[in-house]
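A.B. asks: sequence plus predicted model, see below.
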Amino acid sequence: YISARMHLLFHLSVLLLQIATAMALPLIRSNSIISSANLAISYVESCPHDANTDETVTLFIHGLDSSSHTWRRVQQSLTTPTIAIDCRGCGNSDLGDHDE
């Protein structure tokens, strides 16, 4: 039962990858930078395959108790480059010391 289920999940993931490639969905990748306070600040950038490198980048900042994932579908729907950050202590960003 488990192996049949895993087999089905594998084929579904391959199919979804083929559909995404055919639709030319934007490249989305996660990364992080180190701030001046020595904290890792995470962000997700999206760049459509046909985007011009000179285009204006849209910056997304989430609300309280959220993360950059809030903007994932919006990033995928836009035809311009975007960056969504994880604010300090949210998503994959470091919280740091409470005294700072």
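C.D. replies: Ah, there it is.

A.B. asks: contacts, neighbours, all on C-alpha from now
C.D. replies: Noted.

A.B. asks: residue 36 in helix, strand or coil?
C.D. replies: coil (DSSP: H, G, I helix; E, B strand; the rest coil).

A.B. asks: quick one: it from residue 29, how far?
C.D. replies: Separation of residue 36 from residue 29 (C-alpha to C-alpha, to the nearest Å): 23 Å.

A.B. asks: higher neighbour count, these two?
C.D. replies: residue 29 (11 against 7; other C-alpha atoms under 10 Å).

A.B. asks: listing partners with orientation, what would you give for the helix or strand hosting that one?
C.D. replies: Using DSSP states H and E, the element containing residue 29 is strand 27-34. Strand 27-34 has the following sheet partners, assigned by DSSP bridges: strand 40-47 (antiparallel).

A.B. asks: quick check: bridge partners of the residue sitting nearest the centre point of the chain?
C.D. replies: By C-alpha atoms, centre = their mean, the chain has its centre lying nearest to residue 44, at 3.7 Å. On the basis of DSSP bridges, residue 44 takes part in beta bridges with residue 30, residue 84.

A.B. asks: look up how far residue 84 lies from it.
C.D. replies: 5 Å.

A.B. asks: what touches both of those two?
C.D. replies: residue 68 (C-alpha atoms under 8 Å, 6 or more residues apart in numbering).

A.B. asks: for the closest residue to residue 66 other than its chain neighbours, which residues are in contact?
C.D. replies: In this structure, residue 66 finds its nearest non-sequential neighbour in residue 90, 6.5 Å apart by C-alpha to C-alpha, 6 or more residues apart in numbering. With contact set as C-alpha under 8 Å, 6+ apart, residue 90 has these partners: 65-67.
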